[in-house]
Structures are given as C-alpha cells and as structure tokens.
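**Student:** Structure of the sequence below:
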Amino acid sequence: MAAQGPRALAPAAATEQADGSGPTTAAEIVRLDHEIGRIAPGYLADLILVDGNPLQDIGCLENDGARIPFVMKNGTVFKNTANLGV
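**Tutor:** Okay, the predicted model is just below:
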C-alpha cells in the first residue's frame, strides 16, 4: 500500500530543498511572495524599530513600547516618533 498524505510528499519536498529548485522562504511556500517577504515598495510589512538590541537586552521591548519609536503593520505606520519622515 502506498503512503498517503504528507509522508508521500516528504521525499519530493526534501529533493526540492536540497537542489534549490523549491521554495526557500515562508512567503514562497504560502505563494504570497508577490505581497510579503521583502522590505520594498508595494509589499506588506510588519516592522518595528527598537532603541537597542533585543538579543542583548530584552528590556528594550518592554515598558509599554517606550523604546520602540516606530511600528508598521501590513505596510501602515501606527507609531512614528523616530523622525523617519514616514
């Protein structure tokens, strides 16, 4: 009996990833790479600008966003106190 469901697809998916012919980003996998997955005009973006490095100081993401001067969701600016001209 042949394998069914995701197991049947696993060898093909592994081959695509190994030879570079398959999707390489989450946006490509969900076939939205024409809308998301880049910081470029016309693409939707979720971005935050942080005063600090959260890898070294997680506190820069705390305190009700006091150290987050810029927030963009789906390409729309919700907070801009960073004087970015946006």
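
**Student:** list the contacts for the residue nearest to the spatial centre of the chain?
**Tutor:** The geometric centre of the chain, computed from its C-alpha atoms, lies nearest to residue 37 (C-alpha atoms, centre = their mean), at 5.8 Å. Taking C-beta atoms under 8 Å, 6 or more residues apart in numbering as the criterion, residue 37 is in contact with 25-28, 43. In this view, the C-beta of every residue, glycine as well, is placed from N, C-alpha and C.

**Student:** Quick check: it vs residue 71, distance?
**Tutor:** Taking C-beta to C-beta, to the nearest Å as the measure, residue 37 falls 19 Å from residue 71.

**Student:** hang on, the earlier thing: sec struct for the residue nearest to the centre of the chain, please.
**Tutor:** coil (DSSP: H, G, I helix; E, B strand; the rest coil).

**Student:** quick revisit: filter the contacts of residue 37 down to just the buried residues.
**Tutor:** Neighbour counting over the contacts of residue 37 (16 or more other C-beta atoms under 10 Å) leaves residue 27 as the buried ones.

**Student:** what about residue 72, how many neighbours?
**Tutor:** Other residues within reach of residue 72 by the criterion other C-beta atoms under 10 Å amount to 19.

**Student:** What distance do you get for it to residue 23?
**Tutor:** Here residue 72 is placed at a distance of 25 Å from residue 23 (C-beta to C-beta).

**Student:** do the same with residue 37
**Tutor:** Spatial separation of residue 37 from residue 23 under the definition C-beta to C-beta is 10 Å.

**Student:** Name the helix or strand for the nearest residue to residue 79 once chain neighbours are set aside, please.
**Tutor:** Closest residue in space to residue 79, ignoring its immediate chain neighbours: residue 71 at 4.2 Å, by C-beta to C-beta, 6 or more residues apart in numbering. Using DSSP states H and E, residue 71 falls within strand 70-73.
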